[in-house]
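Peer 1: Attaching a predicted model along with its sequence, questions to come.
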2 protein chains.
Amino acid sequence: MTGFAASNSPVAGRLSELRQNYEAFKARGLKLNLTRGKPSAAQLELSEELLRLPGAGKYMAEGATDCRNYGGLQGLAEVRRLFAGMVGAPAEQVVVANNSSLALMHDCVAYALLKGTCDSAAPWSRQGEVAFLCPVPGYDRHFKICEDYGIRMIPVAMREDGPDMEEVEASIKGLWCMPKYSNPTGTTYSEAVIGRLAAMKTAAADFRLFWDNAYAVHHLTGERVEIANMLELCARHGQANRAFVFASTSKITLAGAGLALFAGSKENVKWLLARMTPRTIGPDKLNQLRHVLFLKNEAGILELMDQHRALIAPKFQKVLEVFEAKLSRVPGVSWTRPKGGYFISLEVPKGCARRVVALAMEAGIELTPAGATHPYGKDPEDRTIRIAPTFPELAEVGQAAEGVAFCVLLSAAEKAA
Amino acid sequence: MTGFAASNSPVAGRLSELRQNYEAFKARGLKLNLTRGKPSAAQLELSEELLRLPGAGKYMAEGATDCRNYGGLQGLAEVRRLFAGMVGAPAEQVVVANNSSLALMHDCVAYALLKGTCDSAAPWSRQGEVAFLCPVPGYDRHFKICEDYGIRMIPVAMREDGPDMEEVEASIKGLWCMPKYSNPTGTTYSEAVIGRLAAMKTAAADFRLFWDNAYAVHHLTGERVEIANMLELCARHGQANRAFVFASTSKITLAGAGLALFAGSKENVKWLLARMTPRTIGPDKLNQLRHVLFLKNEAGILELMDQHRALIAPKFQKVLEVFEAKLSRVPGVSWTRPKGGYFISLEVPKGCARRVVALAMEAGIELTPAGATHPYGKDPEDRTIRIAPTFPELAEVGQAAEGVAFCVLLSAAEKAA
């Protein structure tokens, strides 16, 4: 009943056997979901203490800041210090906002469109066509921001060590990057790639790297992979304002009630704060205080991330084991073995991804729509499927991976037939 | 030593006496601040319970919503119900966001500029000049959003019953309104004015009332002033999409850690949620749950507001008493006696406001900059000063009001001399 054994039988018989396997799985009437990179309830329990913090009488922060009242646009000094190492910038160059780093990224795009960056001669929206480079497979929510505002997306291939960059023309204003444990491939950019991104020539002076370091401390193995400091490299190459660095605690503490982080050059931080000034008097400082009291310091963050790893690494392992057992010798099928992050990227034979997702849905397994990993939701080869194993229970992850394997085998055989 | 007595003496002697009074006050070396509408520490104590909520094990909301995890763009069902009455819309037409209603207003403007409203043929930014009507005196942060995005501001006079509106031409896309206990005049719009705003002809189909009902339940007297329901009136006049309604709990619970509220027609809510979709996966639902557990229901809100009133009404009373004693018969000087909200608007003789603020600063009293109540920070008559008495202790409020009165008397006498 392994994929490879089946693939050696004559096509018709093989197809019928694979269909039987699939139908048998479907008949189990399961309800499984591998769609989104959500922490499980057990992971959220790790931050249980946040539900009681800051606690009665606890509301003062450094500098006699009453966290209950207005103010403090840049975020508490102690929370900026807490995350300075994680985002690779001094605390003065960190901005801590409310619960969504996606919102920070969106706002940077919106501000640039409406007002321009600190290096723009005019707002992006008045500079003719605006385009972003989009490493593929990539993160659908990055692409959605561009699509929504009519920013043309130019796919660039994601290689094992990062995006495959050649040149950056005048209309190109941005590049979406997830430099560590990238969504969905798990790619970590090499020092060479990061150096090239910092040093490369760009025709537009107001080009920006949207450096979404969402998985900075989200390790899945004993190896805590480190990457080069993009802000330092940009400065060294005379491009201090090139990178907007983003991160969040959504997958460190609570997905819906964490903190969003921005880091950048002094000028970029000044720009962002000036842009934020008409929008808000300040972020929710009590939630920042909660995080300081709970996480305490960098060691506290890493310790918590070890506990996350203990909960989710077995789920990744389970998926990889099932894929290995069932799909390892199926032509055109491969998958990533990430050392961190929240996703496995599964490549199926050309033209099969949508069929696999549809088959899975029919069998009770919800997968991220095929194409979501590409700009405009269009995967030109219809090959990439994003697998998100963190949210379901371990037993369900195993069942779901098995079900996905049946779908892949059936779809590949249908295609070959 | 009252203003009036002084004003009857010969000009030179009077001026010298007033200068002596002022110098004597200055010599006390006080440090007082009447700048911003901030709740005092005692007011924030009223919501002490929020510091411990939701509490261990409390994170589930209606519909099996885990408030710790991602999702729920519109806000929890129970929190939308809680505030439905306050914003005058069914819960389905309420959106609850993070801690800043200013941010919601800003974003509605930014979305309209970049994408247009649900009634726009094109984004506002591609329709030529965009202008907003701005009742004056008004709220500086409303004006700042317009100024920042190059939206032309057209002042309209604030009368006792609301803004003095004549016609609304094609380039006019918006009108800032604070319909109850308005900042800074304390004006409450009459039913007639609200009806006219709902019914009036506007040349632009995508005109919007930015209806900032920031002080909906912020009463200063035993009379809980009510206003007509703008959303219902707009619908009745065939202009269902005209009003964007905003409110917040910043001055109900915690100024920096409250909830922002939006209400509108079904189409406007659908539009806003569609606009928010690329920006965020959802608001901080734990803070919404906290508010539900703490406030419980509308009666809970009103009860809390009674406690606020007990703390701040005496401060307003003190300012009014001092002004009455010292300024009541000074020509060209008048002030509002608000029944709610956070401000008293002080009118000084033409050309004196900046001088009064400067004199006050020199004497240790920080006031909101003169002009802040007008678009572009320019009060053409240099007459309006906003007094914000909530934040300092009662004793300090009295001292500050006395100091302001000395400054007004001196400045008026200088002008007359």
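Peer 2: Done, it's in. Numbers count the residues shown, from 1 in each chain, chains lettered A, B, ... in the order given.

Peer 1: show me where pLDDT drops low in the stretch 1-150 of chain A?
Peer 2: Judged by pLDDT under 70, the stretch 1-150 of chain A has its weakly predicted residues at A:1-11.

Peer 1: just so I have it, where are all the helices in it?
Peer 2: A:3-7, A:11-27, A:41-45, A:77-87, A:101-115, A:140-148 (DSSP state H, counting those that start in this stretch).

Peer 1: The longest one - contacts with which helices or strands?
Peer 2: Put plainly, it is helix A:11-27. With contacts defined as 3 or more CB pairs under 8 Å, 6 or more residues apart in numbering or on different chains; DSSP states H and E, the packing partners of helix A:11-27 are helix A:3-7, helix A:394-416. (Glycine included, C-beta is placed from N, CA and C.)

Peer 1: most tightly surrounded among those helices?
Peer 2: helix A:394-416 (a mean of 23; mean count of other CB atoms under 10 Å in any protein chain shown).

Peer 1: Tell me which other helices or strands it touches.
Peer 2: Helices and strands touching helix A:394-416, by 3+ CB pairs under 8 Å, 6+ apart, are helix A:3-7, helix A:11-27, strand A:32-33, helix A:298-327, helix A:353-362, strand A:365-366, strand A:384-387.

Peer 1: Mind doing that once more with 6 Å?
Peer 2: In terms of contacts (3 or more CB pairs under 6 Å, 6 or more residues apart in numbering or on different chains; DSSP states H and E), helix A:394-416 is packed against helix A:11-27, helix A:298-327, helix A:353-362.

Peer 1: all strands for the stretch 51-200 of chain A, in order.
Peer 2: Per DSSP state E, counting those that start in this stretch, the stretch 51-200 of chain A carries strands over the ranges A:60-61, A:65-66, A:94-97, A:131-136, A:152-159, A:162-163, A:172-177.

Peer 1: for chain B, what are the nearby residues on the stretch 151-300 of chain A?
Peer 2: A:254-257, A:278-280, A:282, A:284-286 (CB under 6 Å from any CB of the partner chain).

Peer 1: Repeat the analysis, applying 8 Å as the threshold.
Peer 2: A:250, A:254-257, A:277-287 (CB under 8 Å from any CB of the partner chain).

Peer 1: Buried ones from these, can you make that a ChimeraX selection?
Peer 2: In ChimeraX, a selection of the buried entries from those looks like this (16 or more other CB atoms under 10 Å in any protein chain shown):
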select /A:250,254,255,256,257,278,279,280,281,282,283,284,285,286,287
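
Peer 1: Of the residues of the stretch 151-300 of chain A next to chain B, which belong to strands?
Peer 2: Of those, none are assigned to strands by DSSP state E.

Peer 1: What about the residues of the stretch 151-300 of chain A next to chain B, which are in helices?
Peer 2: Members of these lying in helices (criterion: DSSP state H): A:285-287.

Peer 1: From chain B, how far out is residue A:169?
Peer 2: According to CB to the nearest CB, to the nearest Å, residue A:169 and chain B sit 24 Å apart.

Peer 1: Over to residue A:241?
Peer 2: Distance from residue A:241 to chain B, by CB to the nearest CB: 21 Å.

Peer 1: Over to that residue. Which of the three states is it?
Peer 2: coil (DSSP: H, G, I helix; E, B strand; the rest coil).

Peer 1: Output the below-cut-off pLDDT ranges for the stretch 151-300 of chain A.
Peer 2: Checking the stretch 151-300 of chain A against pLDDT under 70 turns up A:167.

Peer 1: quick one on the thing from earlier: to residue B:33, which of the helices of the stretch 1-150 of chain A lies closest?
Peer 2: Judged by CB to CB, the one of these that comes nearest to residue B:33 is helix A:77-87, at 22.0 Å.

Peer 1: What residues sit buried inside the closest one?
Peer 2: A:77-84, A:86-87.

Peer 1: quick one: residue A:87 from residue B:140, how far?
Peer 2: In this view, residue A:87 and residue B:140 are 33 Å apart by CB to CB, to the nearest Å.

Peer 1: Likewise for residue A:268?
Peer 2: 27 Å.

Peer 1: Repeat that for residue A:98.
Peer 2: On the measure of CB to CB, residue A:98 and residue B:140 end up 23 Å apart.

Peer 1: So between those two, which is more surrounded?
Peer 2: residue A:98 (27 against 19; other CB atoms under 10 Å in any protein chain shown).
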